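S.K.: Provided below for reference: sequence and predicted model.
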Amino acid sequence: DAGITQSPRHKVTETGTPVTLRCHQTENHRYMYWYRQDPGHGLRLIHYSYGVKDTDKGEVSDGYSVSRSKTEDFLLTLESATSSQTSVYFCATGLAGRTGELFFGEGSRLTVL
Amino acid sequence: GQQVMQIPQYQHVQEGEDFTTYCNSSTTLSNIQWYKQRPGGHPVFLIQLVKSGEVKKQKRLTFQFGEAKKNSSLHITATQTTDVGTYFCAGPDSGGSNYKLTFGKGTLLTVNP
């Protein structure tokens, strides 16, 4: 497996508080992604990055922001957490191009009370 | 936007029975990928299909890509308890780039020993 670590792995927070999830990779992959996984919805793309400081929105980006100041780190911020953002968040990285496969982190379970 | 649909949503089989999951896209795909997620785990890449009508095998798993490149299937022969998990298909953005994947909602396979 690619060296992808997510932190924190578990977090409980209250509605209205800001939350930042971190994804760190050691593979020097250009592309990084944040997905959320909810029962009945599969994996939905929140934001992605195609290079340092280059990011774009996915299909469920409202209420989320991202930053990528270094190749290895991709941060996901919930500016003001809501209960609807209770989910499992997965970071993924990829080379795109020839193979296109994604490598996923272990996931971060977030509960917003 | 692009939609990737998977059926069935759930499938329960007796060990030794066969299993098939189907994936359909609203647009023609340049390629399709399949991932497996074990319960409590993260998605893991299985395979990528690129050519129209392509068939690939991995031991008891057979993957097919439709002639029109809008559908795909994963067939498992003689299921085992180790096959338990959710199987996702994923296709690249309709713009053709490989770096943004849309996932189907997945098929959860359970196997009764």
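M.R.: Cool, the structure landed.

S.K.: quick one: A:Leu43 and B:Lys36, what's the gap?
M.R.: Note on A:Leu43: its distance to B:Lys36, by Cβ to Cβ, to the nearest Å, is 13 Å. For the C-beta atoms, the positions are set from N, CA and C on the backbone; glycine is no exception.

S.K.: Do me a favour and average the pLDDT over stretch A:57-67.
M.R.: Mean pLDDT, computed over stretch A:57-67, is 95.

S.K.: Any buried residues in it, and which?
M.R.: Across stretch A:57-67, burial judged by 16 or more other Cβ atoms under 10 Å in any protein chain shown covers A:58, A:60-61, A:64, A:66.

S.K.: quick revisit: any residues in contact with both of A:Leu43 and B:Lys36?
M.R.: Contact criterion Cβ atoms under 8 Å, 6 or more residues apart in numbering or on different chains; residues shared by A:Leu43 and B:Lys36: B:43, B:88.

S.K.: Need the distance between the two termini of stretch A:49-65.
M.R.: End-to-end span of stretch A:49-65 (Cα to Cα, to the nearest Å): 12 Å.

S.K.: Contacts only, for A:Thr111.
M.R.: A:11-13, A:86.

S.K.: Which ones among these lie within strands?
M.R.: Among those, the members falling in strands (DSSP state E) are A:11-13.

S.K.: Next, format those residues as TSV and append neighbour count and distance to B:Pro43.
M.R.: Output for the ones in strands among the contacts of A:Thr111, formatted as TSV (neighbours: other Cβ atoms under 10 Å in any protein chain shown; distance: Cβ to Cβ, whole Å):
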residue	neighbour count	distance to B:Pro43
A:Lys11	16	21
A:Val12	11	24
A:Thr13	16	25
